[in-house]
Structure formats: C-alpha cells, structure tokens
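Generate a structure from the sequence data that follows.
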Amino acid sequence: METYRLLPGDPSSPVLLHVPHSSRLIPAHVRDGLLLHGAALDRELDLITDAHTEVVAERAARAASLTPWRFVNECSRLVVDPERFPDEREEMRAVGMGAVYTRTTHREPLRPEPPADEDALLDTYFHPYARAMTRAVADRLAATGRAVVVDVHSYPSRALPYELHGTDPRPEVCLGTDPFHTPDTLLAAAREAFAAYGDTAENTPFAGAYVPLEHYGKEPRVSALMLELRRDHYLDEPVTPHDGLVRAADALARLVDAVARDGSVQRGQ
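Numbering: from 1, shown residues only. All right, here's what the predicted structure looks like:
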C-alpha cells in the first residue's frame, strides 16, 4: 500500500514541495488501535491536520513559472508522523508524539503506551515513506545538481497543550530553518516572497526543516525550509478555507520561482 503521491514537476526544477500533514485518512486497521472514536477522533483530526496545505501546494505548483515536484502524504499523521525521528533523538517523544503518537494535542491517551503495533506501523508506513522521499530528493540531485525541499505546514493561532514552545511568538508565517541545510539566500527568498502575505519570523513557535536522514547533515546540495502558515490567515479555524489560501499559494509560487531562478540557493553560497 503506497501512502504517498509523488507528483512530477518540470524535469529541470530542483524544488520539491513536501506536504506531510494534510490528510485525515486513517486506514481501518489503524483506526481500530486508537482509543478515540467518532466525534472525539474527528475533533482531534481537526486540530492536528494541516488542513488544505495540499491545496496551497497544488495552486502554487500551477502558478509557478517552472512547475515544482510535490510529495504528498496520503495518510494522517495519526498513523505515523513521517517527519519525526523514529528513535530517542525525537524531542516530541516527551509528550507522546514521536513517529507513532500515543497522546493527543491535549496530551490525552491516543494509543496504549507503549503501542503494541509500533514496529508494524513503522515498517508499513514510516520506512517506505522515508525511502520514497529519499529517492525523490536523490532524483532532483541527479537531474539538476541540487534539491530544495520546502515543507508546507500550518499551525493554529492559539497554542495547543502538546506544543513544547507554545508561549513563543506566533507570526503569520513561521520559517523553520536548519543550520546546515538552510542557506541565507533561501531564507531571504522566503521572506521576500511572503512579505505581502504577512509577518514572518524564524523558528518560532516551531523550528527546523525536514531532510531525509540519508542526506541530513551530509549533503550540502540539499537545501531545506519549513513553511508554517498560521491557520487563521488562510482558514476560518479549524478547517474552512477563506481567500487567504489563494494569497498563500501565490506567495509560495513566488518562492518557488525565486528558488528555481537562483542557483545560489544552496548551502555555502
């Protein structure tokens, strides 16, 4: 069972838009292992899902001068979270939100602890996804000599109890960076692209950028940036889009175009 879609872009584009948290789909056998059901589970999905971020990425891809590639998670992050470390390196394990969540956004039980099916979930969903994402990045490197991963996320206007840094500032646009994989040129391009959309800040209230582990901290030709849109700026929270979604997509298209044009969006340049 493939739990992701790789949507081709222009062969000469180095950009890969990664959309990991937009889906609400939970396969039946996984849903059976959860402690939430019915309206309670629907409410948790409202809170944890980055609603309509796949639409933001799709509209941006259509509007960009050079179509980026897109990698979209088909399953909810309540199945597995493909962006977590699958081991003790993951700080979110402290609140029951490692690669396999055991707690909800309000730190209530989601699965038994430890989950009996954790290894099976990692083998079925996490590891195949990671391998496919690694191949997608390697393909961009082979085709263009560089790969630029832009993670497309959103976050609520008010902090949820699971957040480790919930008291930090919550700008309209949070830009997550990595000291090895986010060059100054990429961060500057993102700030300029989103200047008309809203205020931007770096690594608040969320930090970091996703890079496949095979390349992480090793391959300087892989650049990465996490884009976090504050939800009230494009949604009537929790899930209903408004016209801010179009503005967000237009800003993302501007970023894609800037990255595609500028070969200096690479570490060390």
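
so where's this structure shaky on pLDDT?
The chain contains residues with pLDDT under 70 at 1, 264-269.

run the last query once more with 50
Along the chain, segments meeting pLDDT under 50 span 268-269.

could you pull out the strands for it?
In the chain, the strands defined using DSSP state E lie at 4-7, 15-19, 69-73, 147-155, 173-176, 200-202, 222-230, 235-236, 240-241.

how about the nearest residue to C75 once chain neighbours are set aside, what does it touch?
Sequence neighbours aside, T3 is the residue nearest to C75 in space, at 4.7 Å (criterion: CB to CB, 6 or more residues apart in numbering). In this view, the C-beta of every residue, glycine as well, is placed from N, C-alpha and C. Listed by CB atoms under 8 Å, 6 or more residues apart in numbering, the contact set of T3 reads N73, E74, C75, V79, Y125, P128, Y129.

just curious, which of the residues you listed is nearest to A136?
Relative to A136, the closest of the contacts of T3 is Y129; by CB to CB it sits at 10.6 Å.

Skipping adjacent residues, who's closest to that closest one in space?
Per CB to CB, 6+ apart, closest to Y129 is P82, 4.6 Å.

ok so, going back, in JSON lines: the contacts of T3, plus neighbour count and distance to G263.
Below are the contacts of T3 laid out as JSON lines (neighbours: other CB atoms under 10 Å; distance: CB to CB, whole Å):
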{"residue": "N73", "neighbour count": "26", "distance to G263": "29"}
{"residue": "E74", "neighbour count": "16", "distance to G263": "32"}
{"residue": "C75", "neighbour count": "20", "distance to G263": "35"}
{"residue": "V79", "neighbour count": "24", "distance to G263": "37"}
{"residue": "Y125", "neighbour count": "24", "distance to G263": "35"}
{"residue": "P128", "neighbour count": "16", "distance to G263": "32"}
{"residue": "Y129", "neighbour count": "22", "distance to G263": "29"}
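
can I assume the residue nearest to Y129 is in contact with P128?
No. Contact criterion CB atoms under 8 Å: P82 and P128 do not qualify, at 9.8 Å.

ok so, going back, got the contact list for the residue nearest to Y129?
With contacts defined as CB under 8 Å, 6+ apart, the neighbours of P82 are P20, N73, A99, Y125, F126, Y129, A130, M133.

what residues are up against the closest residue to the fourth one other than its chain neighbours?
Going back to what we said before, that points to Y125. In space, and not counting its chain neighbours, Y125 is closest to V80: 4.5 Å by CB to CB, 6+ apart. When contacts are counted by CB under 8 Å, 6+ apart, V80 touches A99, V100, L121, L122, Y125, F126, Y129.

State the pair within those residues that is farthest apart.
Between any two of the contacts of V80 (CB to CB), the greatest distance is 13.0 Å, for V100 and Y129.

Quick check: E44 vs G208, distance?
Look at E44 and G208: by CB to CB, to the nearest Å, they are 24 Å apart.

Pick out whichever of these two has more residues nearby.
Just comparing E44 and G208: by other CB atoms under 10 Å the higher neighbour count belongs to E44, 20 against 17.

Report the contact partners of the closest residue to that one other than its chain neighbours.
Distances taken as CB to CB, 6+ apart put T104 closest to E44, at 5.3 Å, once the chain neighbours are dropped. Counting by CB under 8 Å, 6+ apart, T104 makes contact with L36, E44, I48, L110, Y162.

Buried by neighbour count: which residues of stretch 149-157 qualify?
Of the residues in stretch 149-157, V149, V150, D151, V152, H153, S154, Y155, P156 count as buried by neighbour count, 16 or more other CB atoms under 10 Å.

One more: stretch 66-73?
Quick answer for stretch 66-73 (16+ other CB under 10 Å): L66, T67, P68, W69, R70, F71, V72, N73.

The third one against S13, yeah?
When you say that, I think you mean P68. Yes. P68 is within contact range of S13, at 5.2 Å (criterion: CB under 8 Å).

overlap in contacts of the two?
Counting by CB under 8 Å, 6+ apart, the residues touching both P68 and S13 are A260.
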